[in-house]
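Colleague: Below is the sequence, then the predicted model.
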Amino acid sequence: MTEWSARVASAAIRDVPLEADRLSSLVDDERAGATVTFAGVVRNHDHGRTVTGIDYLGHPSAATIIAEVAVEFAGREGVHAIAVEHRVGTLAVGEVAVVAAVSASHRAEAFGTCSDLIDAVKQRLPIWKHQHFADGTAEWSNCP
């Protein structure tokens, strides 16, 4: 069995708009037969309520933790490159909150790794979500 170590092209917390195309280009690799990109977007609803925007607040350790998560997934067999970034700050409906891109030898490896990577980021990243609703109320949610 070959020991794998993919390139981590980016693992960052950003306070500027995220671009899925940029992350996809960062994971380009001639060995890859598949590249999967995921963009998590602020939606206009949550549990039947109209969402008008979200504030994401990150703990000072968030940059270290997202890098640790990316390195863990870089060890997966068949994976060649990984990029993952999460946005902090005030986001409007339709803006991108998180992006992940994975290149791998085969599509199953790329899809599986990208999905698992996003799940791990959502579970472990100390970024708190403060949702604002159309009725003027707000609530904290999805806090790890």
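Modeller: Received it, and whenever you're ready, just let me know what you need.
Colleague: in the chain, which spans are helices?
Modeller: Per DSSP state H, the chain carries helices over the ranges 20-26, 62-74, 107-124.
Colleague: Nearest residue to Asp116 in space, please, no chain neighbours.
Modeller: Phe73 (6.9 Å; Cβ to Cβ, 6 or more residues apart in numbering). (C-beta placed from N, C-alpha, C; glycine too.)
Colleague: Please pull out the lowest mean pLDDT helix or strand from the protein.
Modeller: Sorting the helices and strands of the chain by mean pLDDT, DSSP states H and E puts strand 138-141 at the bottom, at a mean of 91.
Colleague: Other residues contacting that one?
Modeller: If you take Cβ atoms under 8 Å, 6 or more residues apart in numbering as the criterion, strand 138-141 is touched by Asp46, Trp128, Lys129, His130, Gln131, His132, Phe133.
Colleague: Name the strands paired with it and say parallel or antiparallel.
Modeller: If you go by DSSP bridges, strand 138-141 pairs up with strand 127-133 (antiparallel).
Colleague: average pLDDT for the strand it pairs with?
Modeller: The predicted model gives strand 127-133 an average pLDDT of 96.
Colleague: do stretch 31-41 as well
Modeller: Stretch 31-41 shows an average pLDDT of 98 in the prediction.
Colleague: what number of residues lie near the residue nearest to Asp116?
Modeller: If you count neighbours by other Cβ atoms under 10 Å, Phe73 ends up with 21.
Colleague: So it versus Ala104, what's the distance?
Modeller: Distance, Phe73 to Ala104, using Cβ to Cβ, to the nearest Å: 11 Å.
Colleague: residues shared between the contacts of these two?
Modeller: Common contacts of Phe73 and Ala104 (Cβ under 8 Å, 6+ apart): Val79, Thr113.
Colleague: rewinding a little: turn the helices of the chain into JSON lines, columns for mean pLDDT and distance to Glu95.
Modeller: As requested, the helices of the chain are arranged in JSON lines below (pLDDT from 0 to 100; distance: least, Cβ to Cβ, whole Å):
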{"stretch": "helix 20-26", "mean pLDDT": "98", "distance to Glu95": "12"}
{"stretch": "helix 62-74", "mean pLDDT": "97", "distance to Glu95": "18"}
{"stretch": "helix 107-124", "mean pLDDT": "97", "distance to Glu95": "17"}
